[in-house]
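**Q** just need the structure, nothing else, for what follows:
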Amino acid sequence: MTNSPERPISSSVRLISAEYLPREFKDLQELSESSSERNPFFEPFFLEPLLELDTLAASTSFLLISHPERGLVGLVPFSKKHAIRGLFLPHVEVLSHRHCFYRSPLIRDGFGDFVCSELLAWLGGQRFCLCFLFSRVDLNSQFVRSLLKTSKRFHRAVHFLDIFERATTSQLLPFDRYLKEGLNKKQSKEARRKLRRLQEVGKISVETLTPESDLGQWCSEFLEIERSGWKGATGSALGDQVHEERFFRSVCERALAEERLVMTRLRVDGKTIALRCGFIANRILFSFKTAYNEEYSYCSPGYLLELFALEELSRDQRISSIDSCTDPNSQLFERIYNERKMVGTVCISNGPILGNTSVAVLRLGHLLRQHLPGSQKEPRISNFITRLVSLN
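**A** Purely as a prediction, here's the structure:
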């Protein structure tokens, strides 16, 4: 980290601290719009309010990678860490805040190999950093493919950690049709039973936020519902902390101004009992937050809202698929969405000696854990990684 506005690493790479990032937002906005694999969680509308949280700005730095003809072509936010899985291994890790559910760097379309080459060249010059961790990235993305291809050219060891299948769907269908085509018979029967129970309570309506809606009122409803449940009881609701509430409202306001925000709510007799929100990027809706009133948990309002939302989203020409953005074993979305993407952490060394040795130690530890009694084997994940590495 540095207190100076910027530290030139080479003619292509600059290192800046968070306080100077707003100066780059105009170029970053253009970069995000030109990325083939957009990441809303690293775009200006999300990143600026995020950096106002806690001490995040003080611990985060940014690599800005430029091309002599195309200008800014890559943004890599990161922080320094000291341990991986309990092992003392000084490293850098892509910005890994709890609100960032997807963490791929911003890269201009067509410049993946260039950005990865500049990134690894910079990494090789970090004396007290043994590797770089890219967590929560799509392992089938062009970024990962470019990273693997470049790592071979630079003779850098690579290891994969924390791999899981994240639920997604491209079946945006009306409610009744999705029950028939998107769910199995048991799931469809259960959904209809939950719906009947809710209909017994009162008149059901589903609404989607529009530019004419009162965004402040929608945000207040969300915060109130979330705070009324288990998150409020544990002090982890957004509304429990002033800075967290300010962050949520600011991100929603900025996303709405860019026509990127999608909010949907489920109501009974005019009372909101569940609400979800997400951000659009490259025709993908990245889910962000969901909340439901636990007084109605017997009829699964969150589950029903997700099913109703598919019908609402099917009318939005800006959206062709949904990424649940969930952590491993999210039962709600795994019950609803029938497609999967491989998500995980890519660890790449900083050089051929100490760096490659440190990554080899991580790989050995992973292999040993796999052979411990009770450890779960994931042949689909192993086969996927084998194919991915062989193709690159």
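
**Q** buried stuff in stretch 106-121?
**A** By neighbour count with 16 or more other CB atoms under 10 Å, stretch 106-121 contains the buried residues 106-108, 111-120. Where you see a C-beta, it was placed from the backbone N, CA and C, and this is true even at glycine.

**Q** can you check stretch 278-286 too?
**A** Of the residues in stretch 278-286, 278-281, 284-286 count as buried by neighbour count, 16+ other CB under 10 Å.

**Q** how about stretch 20-34?
**A** Residues of stretch 20-34 classed as buried by neighbour count (16+ other CB under 10 Å): 21, 24, 28, 31-32, 34.

**Q** other residues contacting stretch 345-357?
**A** The list of residues contacting stretch 345-357 from outside it, by CB atoms under 8 Å, 6 or more residues apart in numbering, reads 84, 91, 120, 123-124, 126, 129-137, 139, 144, 147, 151, 155-163, 358-359, 362.

**Q** burial measure for Gly365, as a count.
**A** When neighbours are counted by other CB atoms under 10 Å, Gly365 registers 15.

**Q** look up the closest residue to Glu306, ignoring the ones flanking it.
**A** Take Glu306 and drop its neighbours on the chain: the residue closest to it by CB to CB, 6 or more residues apart in numbering is Ile336, 5.3 Å away.

**Q** let me know the next secondary structure element after the lowest-mean-pLDDT helix or strand in the chain.
**A** Lowest on mean pLDDT, DSSP states H and E among the helices and strands of the chain sits strand 7-8, with a mean of 51. The helix or strand immediately downstream of strand 7-8 is strand 13-17, counting by DSSP states H and E.

**Q** partner strands of that following strand, with direction?
**A** On the basis of DSSP bridges, the sheet neighbours of strand 13-17 come out as strand 7-8 (antiparallel), strand 61-67 (antiparallel).

**Q** mean pLDDT for the ones you listed: which is lowest?
**A** Lowest mean pLDDT within the strands paired with strand 13-17: strand 7-8, at a mean of 51.

**Q** Ile348: what secondary structure?
**A** Put simply, Ile348 is strand when judged by DSSP: H, G, I helix; E, B strand; the rest coil.

**Q** where in the protein is pLDDT low?
**A** Low-confidence segments of the chain (pLDDT under 70): 1-11, 54, 368-382, 384-392.

**Q** and the helices in it, which stretches?
**A** Assigned helices in the chain, in chain order: 25-33, 44-50, 56-59, 112-124, 142-154, 175-181, 185-201, 215-227, 230-234, 242-257, 301-314, 331-336, 354-370, 379-391 (criterion: DSSP state H).

**Q** for these, which one sits closest to His67?
**A** With CB to CB, the closest approach to His67 among those belongs to helix 112-124: 6.3 Å.

**Q** what about that closest one, distance to the chain center?
**A** Once both centres are worked out by CA atoms, centre = their mean, to the nearest Å, helix 112-124 turns out to sit 22 Å from its chain's centre.
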